[in-house]
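Participant: this one's sequence-less:
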Ligand SMILES: Nc1nc2c(c(=O)[nH]1)N(C=O)[C@@H](CNc1ccc(C(=O)N[C@@H](CCC(=O)O)C(=O)O)cc1)CN2
Ligand SMILES: Nc1nc2c(ncn2[C@@H]2O[C@H](COP(=O)(O)OP(=O)(O)OP(=O)(O)O)[C@@H](O)[C@H]2O)c(=O)[nH]1
Ligand SMILES: [Mg+2]
């Protein structure tokens, strides 16, 4: 599906900068650029992957417009797998626009749609759909880790696992096919076992991929972590210690924090979206009561709750009330102020919460924060965040397809168990194979492709 039109766009962000780059791709990229380019080198003849110094000149009147560097990459060894020319102009909005206008004025070059360069890389078979989608994630990633994950996917790690899965399903399909053609009663049971085993294996791999989805979301957006507890136990002090800055006001007056304070912090490689909340207690103060309501909302929405208790006092009625609400939630109990004599009944806490989730802390002395970090890592990644192949399914489209493929395989296994003829079972397996294919862009509709690439920015 080779495209014939030549397209151009500004590839760098619009605004002031050192340089700006115009990218041109398509069969006329070199010839059309050459019409505007005055240089010691003849770029029509120049070899691929060479850079040339020269000027952009308006062919209408010979006026020198810009001093540029021009790069040639001939297809298929280019980003789009077509002939690509990049013109780097001086930064700033005016110069780059004038050069682009000159290129477009000639008639055969048109402005690219958002994502069209990457779309061509896909249509020309240089990358698959999952890789192309990762390019969007690359651009949007806001943390080093999210970037590394997207980079891996752009390199094809997810695609390889999906392809391996499909390869196994093709083998299974072939096996079933043989049995449809030569049905022998005594091998039927063996075939059924084989279908069950292979489908189960595929389901297990899909589950592993799906498990990475929630971890992937956490890596991109941070674990929503609410710091809760009754007033004056040291919640704001904890926030400040974790972000290593005095973001929240700390005083010894109960009810200091009135509104939810939000900060991002990376703890042992795990991004947290920390919410410091107003101490939860019954109160008649109107402002404080609104704050307490906001604390409750944060508590309800949190992925992780840091429940702070003042260990130097015995448990308070407000603590008991809160503990009731925390039942069944992902909680880490922080016994704070352990620099003071401990009065809280630790045995009682241990009977209410899993022992691994109780951490002794002194925010004042900065003690116990490393233990907190360990517990968080353990809870979310089984302590394995730094290892693994960095495959994270992040895209909602991929997640939906994985769920569908898994369901098709479950259908196949159930059909087998129910003694349904294997040519019908085969249909379910084939459906799973097709659904996985859609992840990497096998058999996807044109409108879906358009929709995916329209999310890109101009010039990508
Ligand atoms: N100037 C410039 N910088 C850029 C890009 C670009 O397009 N232009 N990229 C745009 O995103 C990124 C680099 N990505 C690229 C990926 C593949 C190919 C490419 O030409 N691949 C060919 C040839 C490889 C080779 O010569 O060995 C291929 O894979 O077939 C180029 C850029 C980041 N920096
Ligand atoms: N001794 C001791 N004091 C602490 C510790 N952590 C915090 N404090 C003190 O406890 C008091 C209350 O701290 P905050 O961080 O404001 O408490 P809070 O839970 O945010 O309180 P509210 O915002 O009112 O709900 C301050 O005087 C802190 O200095 C600790 O580990 N040990
Ligand atoms: Mg506070």
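Facilitator: It's in. From a predicted model like this one, the values you see are computed outputs, not experimental measurements. Ligands and ions are numbered 1, 2, ... in the order given.

Participant: now the strands for the stretch 201-350 of the chain?
Facilitator: 223-228, 261-267, 270-276, 304-310, 331-336 (DSSP state E, counting those that start in this stretch).

Participant: Could you show which parts of the chain are in contact with ligand 2?
Facilitator: 229, 231-237, 250-252, 254-257, 278-279, 336-337, 339-340, 362-364 (CB under 6 Å from any ligand atom). Every residue, glycine included, has its C-beta placed from N, CA and C.

Participant: Break the chain into its domains for me.
Facilitator: 6-128, 131-212+393-441, 219-381 (automatic domain parsing).

Participant: Quickly check: the second one near ligand 1 or not.
Facilitator: No. For domain 131-212+393-441, no contact with ligand 1 is found by CB under 6 Å from any ligand atom; the gap never falls below 6.9 Å.

Participant: tell me how far that domain is from the chain's mean position?
Facilitator: In this view, domain 131-212+393-441 has its centroid 21 Å away from the chain centroid, taken as CA atoms, centre = their mean, to the nearest Å.

Participant: one step back: redo the strands of the stretch 201-350 of the chain as JSON lines? Include distance to residue 213, mean pLDDT and mean neighbour count.
Facilitator: Shown next, in JSON lines, are those (distance: least, CB to CB, whole Å; pLDDT from 0 to 100; neighbours: other CB atoms under 10 Å):
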{"stretch": "strand 223-228", "distance to residue 213": "15", "mean pLDDT": "92", "mean neighbour count": "24"}
{"stretch": "strand 261-267", "distance to residue 213": "21", "mean pLDDT": "88", "mean neighbour count": "16"}
{"stretch": "strand 270-276", "distance to residue 213": "16", "mean pLDDT": "88", "mean neighbour count": "23"}
{"stretch": "strand 304-310", "distance to residue 213": "18", "mean pLDDT": "96", "mean neighbour count": "25"}
{"stretch": "strand 331-336", "distance to residue 213": "23", "mean pLDDT": "96", "mean neighbour count": "24"}
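
Participant: With respect to residue 453, which of the ones you listed lies nearest?
Facilitator: Among the strands of the stretch 201-350 of the chain, strand 270-276 comes nearest to residue 453, with 28.4 Å by CB to CB.

Participant: Mind giving me the packing neighbours of the closest one?
Facilitator: Contacts defined by 3 or more CB pairs under 8 Å, 6 or more residues apart in numbering; DSSP states H and E place strand 270-276 against helix 185-221, strand 223-228, helix 235-243, strand 261-267, helix 369-381.

Participant: Any buried residues in stretch 188-195, and which?
Facilitator: 191, 192, 194, 195 (16 or more other CB atoms under 10 Å).

Participant: Near ligand 3, which residues of the stretch 51-200 of the chain are found?
Facilitator: Contact residues of the stretch 51-200 of the chain with respect to ligand 3, defined by CB under 5 Å from the ion, are absent.

Participant: all strands of the stretch 51-200 of the chain, in order?
Facilitator: With DSSP E, counting those that start in this stretch as the criterion, the stretch 51-200 of the chain has strands spanning 64-73, 84-90, 109-111.

Participant: Mean neighbour count, the ones you listed: which tops it?
Facilitator: strand 84-90 (a mean of 23; mean count of other CB atoms under 10 Å).

Participant: what's the offset of that one from the middle of its chain?
Facilitator: On CA atoms, centre = their mean, the centre of strand 84-90 falls 31 Å from the chain's centre.

Participant: That one: partners in the sheet, and parallel or antiparallel?
Facilitator: strand 19-25 (antiparallel), strand 64-73 (antiparallel) (DSSP bridges).

Participant: Throw those strands into TSV and include mean pLDDT and distance to residue 113, thanks.
Facilitator: Shown next, in TSV, are the strands paired with strand 84-90 (pLDDT from 0 to 100; distance: least, CB to CB, whole Å):
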stretch	mean pLDDT	distance to residue 113
strand 19-25	96	12
strand 64-73	96	21
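
Participant: residues touching the residue nearest to residue 155 when sequence neighbours are not counted, list them.
Facilitator: Leaving aside its chain neighbours, residue 155 sits nearest to residue 131 (7.5 Å; criterion: CB to CB, 6 or more residues apart in numbering). By CB atoms under 8 Å, 6 or more residues apart in numbering, the contact list for residue 131 reads 122, 153, 154, 155, 156, 159.

Participant: re earlier: need the strands paired with strand 84-90 in CSV (columns: distance to ligand 1).
Facilitator: Putting the strands paired with strand 84-90 into CSV (distance: least, CB to the nearest ligand atom, whole Å) gives the following:
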stretch, distance to ligand 1
strand 19-25, 6
strand 64-73, 6
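
Participant: circling back to that earlier point, nearest to residue 94 among the buried residues of stretch 188-195?
Facilitator: residue 195 (66.0 Å).

Participant: how close does residue 213 sit to ligand 1?
Facilitator: Applying CB to the nearest ligand atom, to the nearest Å, the value for residue 213 to ligand 1 is 25 Å.

Participant: same deal with residue 456?
Facilitator: Using CB to the nearest ligand atom, residue 456 is found at 11 Å from ligand 1.

Participant: Could you find the closest non-adjacent residue to that residue?
Facilitator: Residue 456's closest residue in space is residue 115 (CB to CB, 6+ apart), at 2.9 Å.

Participant: Tabulate the strands of the stretch 51-200 of the chain (JSON lines), appending distance to residue 149.
Facilitator: Shown next, in JSON lines, are the strands of the stretch 51-200 of the chain (distance: least, CB to CB, whole Å):
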{"stretch": "strand 64-73", "distance to residue 149": "27"}
{"stretch": "strand 84-90", "distance to residue 149": "27"}
{"stretch": "strand 109-111", "distance to residue 149": "32"}
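
Participant: Can you name the element that comes right after whatever helix or strand residue 399 lives in?
Facilitator: Using DSSP states H and E, residue 399 sits within helix 396-417. The element immediately downstream of helix 396-417 (helix or strand, assigned by DSSP H and E) is helix 422-440.

Participant: Let's see the pLDDT reported for residue 182.
Facilitator: Residue 182 is assigned a pLDDT of 69 by the prediction.

Participant: try residue 300
Facilitator: So residue 300 comes in at 92 (pLDDT).

Participant: Just the buried residues of the lowest-mean-pLDDT helix or strand in the chain, please?
Facilitator: Ranking every helix and strand in the chain by mean pLDDT, DSSP states H and E puts helix 144-155 at the bottom, with a mean of 79. Under the neighbour-count criterion of 16+ other CB under 10 Å, helix 144-155 has 145, 146, 149, 150, 151, 152, 153, 154 buried.

Participant: ok, the fourth one to ligand 1 distance?
Facilitator: Counting by CB to the nearest ligand atom, the gap between residue 150 and ligand 1 amounts to 12 Å.

Participant: how close does the residue nearest to that residue when sequence neighbours are not counted sit to ligand 1?
Facilitator: Spatial nearest neighbour of residue 150, chain neighbours left out: residue 137 (3.8 Å); criterion: CB to CB, 6+ apart. Relative to ligand 1, residue 137 is positioned 13 Å away (CB to the nearest ligand atom).
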